[in-house]
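Trainee: Quick one, fold the following:
(4 chains, ligands or ions: 4)
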Number of protein chains: 2
Amino acid sequence: MGAGSRYDGEVLAALRREDRFRSCQEVHALIADSRGGPQRPPSLSTVYRTLHRLAREGEVDTIQSEDGERLYRRCETPSHHHLLCRVCGHAQEVPHARELRTVLTRVERSTGFTGLAYSLEFAGVCPDCA
Amino acid sequence: MGAGSRYDGEVLAALRREDRFRSCQEVHALIADSRGGPQRPPSLSTVYRTLHRLAREGEVDTIQSEDGERLYRRCETPSHHHLLCRVCGHAQEVPHARELRTVLTRVERSTGFTGLAYSLEFAGVCPDCA
DNA sequence: GAAGATTATGATAACCGTTTTCATTTTGGC
DNA sequence: GCCAAAATGAAAACGGTTATCATAATCTTC
Ligand SMILES: [Mn+2]
Ligand SMILES: [Mn+2]
Ligand SMILES: [Zn+2]
Ligand SMILES: [Zn+2]
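Mentor: Ligands and ions are numbered 1, 2, ... in the order given. Sure thing, here's the model as predicted:
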């Protein structure tokens, strides 16, 4: 059932090229650049389809930029939050914050909501940009 | 310096009509519906401009829906997180979680990032939908 | 390995929320 | 009222994403 694309490897490699979230069009350009020779890169359609599927399969994480662009990143650890540099866009994973367990049960009890989930993201200025 | 629109009142009233995040086009439709008589509603452009400015001024909060739509809500408390029902879309504010102070300083120290900010959102199933 | 069915790909158009443009209308100061 | 400044409406432009469909690659079965 390997319902995969022949470009999965190159797409994931492009995402790993630098530690930041990338748009589909950036990934497409990165793949094109990484091919010196005359071999043609995948079409933009294929990159869109591949990233969409990789996200659905949980292979890549997605966020939405402020202007509605979908950005992708290949994450390493299973449970983490994202920390982004506001200046250079550098992204890194920070370990899951245990304190959120307490918060979660408190919110569940005080509101009556069930099946609670959360999303926590950080933004700041990285050491290089400071 | 009241650089406001003559429709601010109606836009905010539409947002308050029901407790959920609304898109610009929804707000536009709500305003149109709320006018029984022959008086014409504001144009869609004006609603876009008004919501954009109200968000910039901090009068309304914005989030991005999964498909990239910008959604707006008129919030009441100064510091809070959002809790959304996955079924009906109901939104409510939950008080700011103090535990995040600890998390924030820990992330700052362990990563070297400065000027850290966070965004924490909750989603679940509200009592009515359960 | 050939024939046919199935799936992936590429080029293009369609889609849709949002922004820009600009002519017209409304507002505010004098 | 008169003029300048700001707001509005209608339409076009924009940009990221998805849908379409003909073609190409891959897989199945014999
Ligand atoms: Mn991640
Ligand atoms: Mn809010
Ligand atoms: Zn940086
Ligand atoms: Zn509900």
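Trainee: And the spatially most central residue of chain A, its phi and psi?
Mentor: Of all residues in chain A, the one closest to the mean position by Cα atoms, centre = their mean is A:R73, 2.7 Å from it. Torsion angles at A:R73 (phi, psi; degrees, to the nearest 10) stand at phi -150, psi 140.
Trainee: doesn't A:A91 make contact with it?
Mentor: Yes: using Cβ atoms under 8 Å, A:R73 is in contact with A:A91, at 6.0 Å. Using the backbone N, CA and C atoms, a C-beta is placed for each residue, glycine as well.
Trainee: Can you check which residues contact both of the two?
Mentor: Shared contacts of A:R73 and A:A91, defined by Cβ atoms under 8 Å, 6 or more residues apart in numbering or on different chains, comprise A:20-21, A:82.
Trainee: Strands - which of those land there?
Mentor: A:H82 (DSSP state E).
Trainee: want to try a markdown table for the shared contacts of A:R73 and A:A91, with neighbour count and pLDDT as columns?
Mentor: Shown next, in a markdown table, are these (neighbours: other Cβ atoms under 10 Å in any protein chain shown; pLDDT from 0 to 100):
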| residue | neighbour count | pLDDT |
| --- | --- | --- |
| A:R20 | 16 | 98 |
| A:F21 | 23 | 98 |
| A:H82 | 18 | 98 |
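Trainee: picking that back up, got a list of what the residue nearest to the centre of chain A touches?
Mentor: A:15, A:20-22, A:60-63, A:82, A:91.
Trainee: Now, of these, which are buried?
Mentor: A:15, A:20-22, A:60-61, A:63, A:82, A:91 (16 or more other Cβ atoms under 10 Å in any protein chain shown).
Trainee: which one of the residues you listed is nearest A:R101?
Mentor: Nearest to A:R101 out of the buried ones among the contacts of A:R73 is A:H82 (Cβ to Cβ; 19.3 Å).
Trainee: Am I right that that closest one is in contact with A:G124?
Mentor: No: between A:H82 and A:G124 there is no contact under Cβ under 8 Å: 11.4 Å.
Trainee: and the shared contacts of A:R73 and A:A91 near DNA strand C, which?
Mentor: Applying Cβ under 7 Å from any atom of the strand, the subset of the shared contacts of A:R73 and A:A91 adjacent to DNA strand C is empty.
Trainee: and of the shared contacts of A:R73 and A:A91, the nearest to ligand 1?
Mentor: Ranked by distance to ligand 1 (Cβ to the ion), these are led by A:H82 at 5.6 Å.
Trainee: tell me the contacts of that closest one?
Mentor: Counted by Cβ under 8 Å, 6+ apart, A:H82 has contacts A:61, A:63, A:73, A:91-94, A:121-122.
Trainee: same question, A:D67
Mentor: Contacts of A:D67 (Cβ under 8 Å, 6+ apart): none.
Trainee: which ones are touching A:E10?
Mentor: Taking Cβ under 8 Å, 6+ apart, one finds A:31, A:34, A:42 in contact with A:E10.
Trainee: From what I see, the second one and A:A14 are in contact.
Mentor: Read it as A:S34. Yes: when contacts are counted by Cβ under 8 Å, A:S34 is listed as touching A:A14 (7.1 Å).
Trainee: Out of the two, name the residue with the larger neighbour count.
Mentor: Legend: neighbour count by other Cβ atoms under 10 Å in any protein chain shown for A:S34 and A:A14, higher for A:A14 (24 against 12).
Trainee: Quick check: nearest residue in space to the residue lying farthest from the centre of chain A, chain neighbours excluded?
Mentor: Going by Cα atoms, centre = their mean, the residue of chain A most distant from its centre is A:S110, 32.4 Å out. Spatial nearest neighbour of A:S110, excluding adjacent residues (Cβ to Cβ, 6 or more residues apart in numbering or on different chains): B:V94 at 7.4 Å.
Trainee: and that neighbour, which of the three is it?
Mentor: strand (DSSP: H, G, I helix; E, B strand; the rest coil).
Trainee: Specify the beta-bridge partners of it.
Mentor: On the basis of DSSP bridges, B:V94 is bridged to B:H81.
Trainee: isn't it right next to B:L84, touching?
Mentor: No: counting by Cβ under 8 Å, B:V94 stays clear of B:L84, with 10.7 Å between them.
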